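Asks: Mind looking at a prediction? Sequence and model below.
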Amino acid sequence: MRKLLLIAAVVSMVGCDGQGDAPPQRPTIASMIANGTEERVSECEKGSVSLKCEYLSGDLLGSGKWHHAIVHISKSGDVSLSIDNLSYYQTDARSGFVNGEKFGHFDFSGPSKLKARVSISNSNDGSRISLDAWDANENKFMTASN
């Protein structure tokens, strides 16, 4: 139940805390990928049913590759994740309230023993969604947030 309240609060809030105020001349994630002009960025779109956040982040292992992740958070508390067009499935979810902050952590597994965690926090200071992903050797290859 606490998980649902946390998710509902985050989705019903502004969603990206000012991300909608970005200048229109900034290229979209899709255009950066298409043009090969990647840079670290996050974009969130609040819909009537869910919040969709996209992340573009450089590889932390030094390969020079860029990773594209999409997180969907529904008002009912469901979270889904894809990284580099690979679907991940949720393996664990936990939530709580500490020091004035509601939080939720959602663990995922992907193909070839890939793992990821989506963390959501909500406090009087605003909301935050972050993503961390690890390879089969448990080396972190991606981190992103907004």
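Replies: Yes, it's here. Every value quoted in this text rests on a predicted model; they were computed, and no experiment measured them.
Asks: For the protein, just list every one of the helices.
Replies: Remark: helices assigned in the chain by DSSP state H are 2-12, 29-35.
Asks: hey, least reliable of these by pLDDT?
Replies: If you rank the helices of the chain by mean pLDDT, helix 2-12 sits at the bottom with a mean of 51.
Asks: Stretch 115-133 spans what distance, first to last residue?
Replies: 6 Å (C-alpha to C-alpha, to the nearest Å).
Asks: Need the residues that contact it.
Replies: Contacts with stretch 115-133, where a contact means C-beta atoms under 8 Å, 6 or more residues apart in numbering, come from 6-7, 9-10, 13-15, 17, 44, 53, 55, 67, 69, 71, 73, 79, 81, 83, 88, 100-110, 114, 134, 138, 140-146. Backbone N, C-alpha and C define where each C-beta goes, glycine included.
Asks: mind redoing it with 6 Å?
Replies: Applying C-beta atoms under 6 Å, 6 or more residues apart in numbering, the external contacts of stretch 115-133 come out as 9-10, 13, 17, 53, 69, 71, 79, 81, 83, 88, 100-109, 134, 141-146.
Asks: now those residues: which count as buried?
Replies: 10, 53, 69, 71, 79, 81, 83, 88, 102-106, 108, 134, 141-142, 144, 146 (16 or more other C-beta atoms under 10 Å).
Asks: Take these and keep only those in strands.
Replies: Counted as lying in strands by DSSP state E, out of the buried ones among the contacts of stretch 115-133, are 53, 69, 71, 79, 81, 83, 88, 102-106, 108, 134, 141-142, 144.
Asks: Would you check how far apart residue 25 and residue 77 are?
Replies: Separation of residue 25 from residue 77 (C-beta to C-beta, to the nearest Å) stands at 36 Å.
Asks: Having no further points to raise, I will conclude here.
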